[in-house]
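> The following block contains a protein sequence and its predicted model.
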Amino acid sequence: MGQAETSFNVPLKCTPEEYKHFVEPAMGEADKSNFPTALDIVTNGLNAHPASEGLLFLKAYFGYKVADSMSNQLIALPRAIERLPDGSLVIDGSAANQMLIQFGEIIKVLEDSDGAIDELLQVNPNSQEVSGFKNYIKAKLEKLERESTNMRTSLGNSTSIAGGFCQGCRQTISFESQKVVFRRASATQMEVFHEACYKKPN
């Protein structure tokens, strides 16, 4: 029995044909941590056998693993928001938009997993394992949606917080694509600079 098969302890309800043509090949890919291919195999299986409980569960599980892997790749992206030693805040509009696109893709994969779990619960509403997994996916979805909303709000509110002009060069700032620095000017007011202007010696 492969590692992927033992990583969840749920009996897979499927016919010998489904097992041979879809479950076994998908598990083989999962054992190599090739979850996107495993998910494709199971999704193809569901096109032919839409009511298969085993394939529905695997679709949810492999989708979750794909989303998990995509989340780990976010670390490699440039940091969208960071604080400087002097307390100023740097927001990289381009990196933030890249992250928002990635958040959207991960959320879509998790929503597909959630849909497969909902179908399973219609067939098997009393399964503790399936209900537990649904709660796990739901918590991850809520966290991602919250992070995505916070980032959108930060970008969207930038102009109203500090105006649309750099305090250094007095040129317009594009919050969507440029790296900018927010500095507190007073208890109620923020100043904004292009990063290069902020770093220029006075």
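Arrived safely, thanks for sending.
> Skip ahead from the longest helix seen in the chain and say which helix or strand is next.
Longest helix in the chain by number of residues (criterion: DSSP state H): helix 128-162. Going down the chain from helix 128-162, the next helix or strand is strand 179-184, by DSSP states H and E.
> List the buried residues in that next one.
Residues of strand 179-184 classed as buried by neighbour count (16 or more other Cβ atoms under 10 Å): 179-183. Bear in mind the C-beta positions are built from the backbone N, C-alpha and C, glycine included.
> what's the farthest-apart pair in those residues?
Lys179 and Arg183 (14.1 Å; Cβ to Cβ).
> any residues touching the helix or strand hosting Thr37, and which ones?
According to DSSP H and E, Thr37 maps onto helix 35-48. By Cβ atoms under 8 Å, 6 or more residues apart in numbering, the surrounding residues in contact with helix 35-48 are 4, 18, 21-23, 25-27, 29-30, 52, 55-56, 58-59, 62-63, 65-66, 69.
> How about the contacts made by Val109?
Listed by Cβ under 8 Å, 6+ apart, the contact set of Val109 reads 63, 66-67, 70.
> Could you check how far it is from Gly168?
In this view, Val109 and Gly168 are 42 Å apart by Cβ to Cβ, to the nearest Å.
> Repeat that for Gly28.
From Gly28 to Gly168 the distance is 58 Å (Cβ to Cβ).
> quick one: low-confidence parts of this structure?
1-11, 202 (pLDDT under 70).
> May I have stretch 40-60 as CSV, with CA atoms only?
Extracted C-alpha coordinates of stretch 40-60, given in CSV (Å, rounded to 0.1, in the frame of the first residue of the first chain):
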residue,chain,number,x,y,z
ASP,A,40,-6.6,14.8,-13.6
ILE,A,41,-6.9,11.0,-13.6
VAL,A,42,-9.6,11.0,-10.9
THR,A,43,-11.5,13.9,-12.6
ASN,A,44,-11.5,11.9,-15.9
GLY,A,45,-12.7,8.9,-13.9
LEU,A,46,-15.6,10.9,-12.6
ASN,A,47,-16.6,12.0,-16.1
ALA,A,48,-17.2,8.3,-16.8
HIS,A,49,-18.4,7.3,-13.3
PRO,A,50,-20.0,10.5,-11.7
ALA,A,51,-21.5,8.7,-8.7
SER,A,52,-18.3,6.9,-7.6
GLU,A,53,-17.8,7.7,-3.9
GLY,A,54,-14.2,6.6,-4.0
LEU,A,55,-13.4,8.9,-6.9
LEU,A,56,-15.3,11.8,-5.4
PHE,A,57,-13.3,11.5,-2.2
LEU,A,58,-10.0,11.2,-4.1
LYS,A,59,-10.9,14.3,-6.1
ALA,A,60,-11.4,16.3,-2.9
